[in-house]
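Q: how would this look folded up:
(chains A and B)
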There are 2 protein chains.
Amino acid sequence: MNGIFVPDNKTVISYILKPSIPKGTRDFSPQEMVKRNYIFDTIRQVFRNYGYLPIETPSMENLDTLMGKYGEEGDKLIFKILNSGDFLDGVKDKDIKAMSSKELTKHISEKALRYDLTVPFARYVVQHQNDITFPFKRYQIQPVWRADRPQKGRYREFYQCDADVIGSDSLLNEVELIQIIDEVFNKLGVPVIIKLNNRKVLQGIANVFDVPVAEIATVIDKYEKIGGEGVAKELKEYDFSDAEINQLFRVLFEGEAISQAVFEEGNNEVNKIMTTCQKQLKITSKIEPDLSLARGLNYYTGSIIEVKVDRNKCKSEFTSSICGGGRYDDLTGIFGLPNISGVGISFGADRIYDVMEELNKFPEGVTGTTKVMFVNFGEKEAQYCLPIVADLRKENISTEFYPDAAKFKKQMSYANDKKIAYVVFVGADEMQKGVLKLKNMASGEEREISSGELIKHIV
Amino acid sequence: MNGIFVPDNKTVISYILKPSIPKGTRDFSPQEMVKRNYIFDTIRQVFRNYGYLPIETPSMENLDTLMGKYGEEGDKLIFKILNSGDFLDGVKDKDIKAMSSKELTKHISEKALRYDLTVPFARYVVQHQNDITFPFKRYQIQPVWRADRPQKGRYREFYQCDADVIGSDSLLNEVELIQIIDEVFNKLGVPVIIKLNNRKVLQGIANVFDVPVAEIATVIDKYEKIGGEGVAKELKEYDFSDAEINQLFRVLFEGEAISQAVFEEGNNEVNKIMTTCQKQLKITSKIEPDLSLARGLNYYTGSIIEVKVDRNKCKSEFTSSICGGGRYDDLTGIFGLPNISGVGISFGADRIYDVMEELNKFPEGVTGTTKVMFVNFGEKEAQYCLPIVADLRKENISTEFYPDAAKFKKQMSYANDKKIAYVVFVGADEMQKGVLKLKNMASGEEREISSGELIKHIV
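A: The predicted model follows:
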């Protein structure tokens, strides 16, 4: 890279400026990584215990696999990848100048970064249907990318942790996914409310009030955001009378029944799932029906699940959802494999991280750092120490030998900064006596021991 | 997604066609994931034992962070991301028609997918220099993307597993990295040869023969590919006499010394590293100097390391490198932080996977599948079984309850396909007697036990 030496002001300045990363993306330091891995490992372990198997799909999908699956807004938020090579070749004969960005995109981009894990999973199931034993229980923990406007808690690259069962319409799958949610958040120490609804409940309501289900769902889903008055106002635009609005609110929030077949079917499903979770399995997280829950995703056809921090049980400012999911009967249909029912949940690892930081829920021991450091006093001492260091590593004790014979103070400050638990000194004296000096960095205690005793002194 | 119902042949056909993924990318099935994770976990555990800490950087970097760091060829292979929104806005007033693809790229793309982990790491170190304690030992296991022509064993998305030490010029770091290489491949069961060279050796040779080091390095690096005659032919283009070519070959392959300061310095470094590894640390992998080794990367300034399968010890067709690295004194200089020496290695997980498949080195037990499955005989049985299932999961025994009361044969064939070790039957009989029937799927043996005894029967 010769750029920096080129006598061209623009070039030089670009390298003197502090390097940066694209907005909405993040670097993760070792301290953050260890905490993030704590979350991923917890979720992964629970998924495994329930018999879900891992898959991974490529970061890039063909553009037409993704386009049209997330609505018009979603299409805009998909990161497109420029074709490589001379991508303008073949477009040259067209009137590029007259094209919109959207039109030109079709000519110069064939691939895009995945937007979620659900659509790639549906594509995977269809593509590999002959190799899959159904019901297929898979989990997938990978980043997704969205060209959303970055803001607090919203990133352009973030991880989703999904578990889905595809090829079974038993409600026991929903029960199992709720068990998983309960177990994950218990292990992480985050108290949650699991809210439950069913698309059929919404469909029943739509039937009774004679409005399209997608539209009524969108309106009542806003209840938390815009309140009862706001919702009432919007309902009036759909010709709801005051009496109808009152009736709808009693159905949604006071448990008033509607005698309507689809509504009842949905309601029964919600109740059956709740009873099994609470009575038989004694799930400790609060589970409650929330008939206003829609979660915007049009592919849900049955159960709808949403998880929020239980703010009655902890002091959290966090009101957005940290996990959610639902049942979709037609997801693989868009790729040519109809009538396969699936149900899944997705944990938002980045939001869970933020909640755990807020609630101070990461265990003390989670540091992931080196356990033992040997001070480097010079070449002879190094020769003496290296085999002992190798022995500790064989026992899976994370150990470092400081690489340079630097000043003692510098080496100790390295051990301090890295929060290393034990430091070992072997100078000329110790070598002659055939011993080591072991310092416990927390207590400050030092003791002289033989190298054979070392392992048993390290807790 | 309404596309499939639209009476437009093109749309319909695009969904009936089998869905696919971009060329050079891959889906990973559960069987592959488990094996891949075995490799990643092994490497990660070794990195940790040596005191390396994890970091992660975003998949996207600013385009100017990456461009110019991998040579002109490399620039072409970087996947660029189209700016989101109306990316042509602001370019409209320019003569797009007259622009080359390369020129237009500058106007419509600001971000790109990372090409390796080294340049993002250098950027990270400079950006976070005030928060880092040096020497900084970090590892990073993430995918990288290259728009290379896909072929057997070469993918457009693949994982690198890097460990680097930055801020120390001690050769003990090289020794440690070789220990790591040795330990990883021992654990994976792949016999390797670790080849060692030093850029100073190549510099010394270049000085003696009065040719630019980058050019002579490129020529002799081809020895394995084009043979002695091919190399000799290319050397003649640099005005080498026959006598000089013979002398150079004796230096490279027969250990003939050159009395030249830089050459000797490099040679001494190679020898010192080898002696420490072999004599003091008794590393079992074969380590050999290879003065023709250059590895093409111009940022190496000291040690150069390359690892290949030791084909004398196993029957492998694999001749390309499966791990490599070296020392670079100036890497962070391009981002404005000069004079920080670093040394690192990178494991090519995908190639290691291919080698392990070829040599059949994945351990039998590595399946990652469910341990126990309960057959579903109906609702009452489900109620009886679910708490027992929950108990097994609490003990971290991966357990499934088949979600549907499907035909017995279908459920058993699911257990078979998924290679589940134990199947539990609880029908009306067993419920009445308060017992379970446990079947060992490998031996076929069945026994009746109480639910309390279940755990101790599962190995």
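
Q: and A:S292, that's in a strand?
A: No: looking at A:S292 with DSSP: H, G, I helix; E, B strand; the rest coil, it is coil, so not inside a strand.

Q: Please work out how many residues are found near it.
A: Using other CB atoms under 10 Å in any protein chain shown, A:S292 has 23 neighbouring residues. Every C-beta, even on glycine, is put in place using the N, C-alpha and C of the backbone.

Q: Can you get me the centre-to-centre distance for the helix or strand where A:I245 lies and its chain?
A: In the assignment (DSSP states H and E), A:I245 maps to helix A:242-254. With CA atoms, centre = their mean, to the nearest Å as the basis, helix A:242-254 stands 36 Å off its chain's centre.

Q: buried set for it?
A: Using 16 or more other CB atoms under 10 Å in any protein chain shown as the test for burial, helix A:242-254 gives A:245, A:247-249, A:251-252.

Q: Now tabulate these in CSV and tack on distance to B:S29.
A: What follows is the buried residues of helix A:242-254, written out as CSV (distance: CB to CB, whole Å):
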residue, distance to B:S29
A:I245, 51
A:Q247, 51
A:L248, 47
A:F249, 49
A:V251, 45
A:L252, 43
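
Q: can you pull the pLDDT of A:N2?
A: Predicted confidence (pLDDT) for A:N2: 31.

Q: hmm, I was thinking of A:H457
A: The model reports A:H457 with a pLDDT of 91.

Q: gap between it and chain B?
A: Distance, A:H457 to chain B, using CB to the nearest CB, to the nearest Å: 18 Å.

Q: Do I have it right that that residue meets A:L438?
A: Yes: using CB atoms under 8 Å as the test, A:H457 is close enough to A:L438 to be in contact (5.8 Å).

Q: residues shared between the contacts of the two?
A: Contact criterion CB atoms under 8 Å, 6 or more residues apart in numbering or on different chains; residues shared by A:H457 and A:L438: A:422, A:447, A:449.

Q: still on that earlier bit, compare A:H457 and A:L438 (neighbour count), which wins?
A: Shown here are A:H457 and A:L438; by other CB under 10 Å, A:L438 has more neighbours (19 against 14).

Q: list the contacts for that one?
A: Applying CB under 8 Å, 6+ apart to A:L438 gives the contacts A:422-424, A:446-449, A:454, A:457.

Q: Other residues contacting whichever strand or helix holds A:R447?
A: Assigned by DSSP H and E, A:R447 belongs to strand A:446-449. Residues outside strand A:446-449 that contact it (CB under 8 Å, 6+ apart): A:430, A:433, A:435-440, A:457.

Q: Tell me where the stretch 51-200 of chain A has helices.
A: A:63-66, A:71-77, A:101-108, A:118-127, A:172-188, A:199-209 (DSSP state H, counting those that start in this stretch).

Q: Give me the packing partners of the longest one, helices and strands only.
A: When contacts are defined as 3 or more CB pairs under 8 Å, 6 or more residues apart in numbering or on different chains; DSSP states H and E, helix A:172-188 sits against helix A:30-49, strand A:157-166, strand A:192-198, helix A:261-275, strand A:303-309, strand A:323-328, strand A:342-348, helix B:379-394.

Q: In that helix, which of the residues would be classed as buried?
A: A:172-186, A:188.

Q: May I have that helix exported as CSV, CA atoms only?
A: In CSV, the C-alpha atoms belonging to helix A:172-188 read as follows (Å, rounded to 0.1, in the frame of the first residue of the first chain):
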residue,chain,number,x,y,z
LEU,A,172,-47.1,-29.2,21.4
ASN,A,173,-44.5,-27.4,19.3
GLU,A,174,-45.8,-24.1,20.5
VAL,A,175,-45.7,-25.4,24.1
GLU,A,176,-42.1,-26.5,23.5
LEU,A,177,-41.0,-23.2,22.1
ILE,A,178,-42.5,-21.5,25.2
GLN,A,179,-40.6,-23.9,27.4
ILE,A,180,-37.5,-22.8,25.5
ILE,A,181,-38.2,-19.1,26.0
ASP,A,182,-38.9,-19.7,29.7
GLU,A,183,-35.7,-21.7,30.1
VAL,A,184,-33.5,-19.3,28.2
PHE,A,185,-34.6,-16.2,30.2
ASN,A,186,-34.5,-18.1,33.5
LYS,A,187,-30.9,-19.0,32.7
LEU,A,188,-30.1,-15.5,31.7
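
Q: tell me, how many neighbours does A:R295 end up with?
A: Other residues near A:R295 come to 18 when the count uses other CB under 10 Å.

Q: Let me fix that, I meant to ask about A:G427.
A: Close neighbours of A:G427, defined as other CB under 10 Å, add up to 14.

Q: can you check A:K92 too?
A: Neighbours of A:K92 (other CB under 10 Å): 10.

Q: residues touching the residue nearest to it when sequence neighbours are not counted, list them.
A: Spatial nearest neighbour of A:K92, excluding adjacent residues (CB to CB, 6 or more residues apart in numbering or on different chains): B:K97 at 7.5 Å. Each residue near B:K97 by CB under 8 Å, 6+ apart is listed here: A:92, A:96-97.
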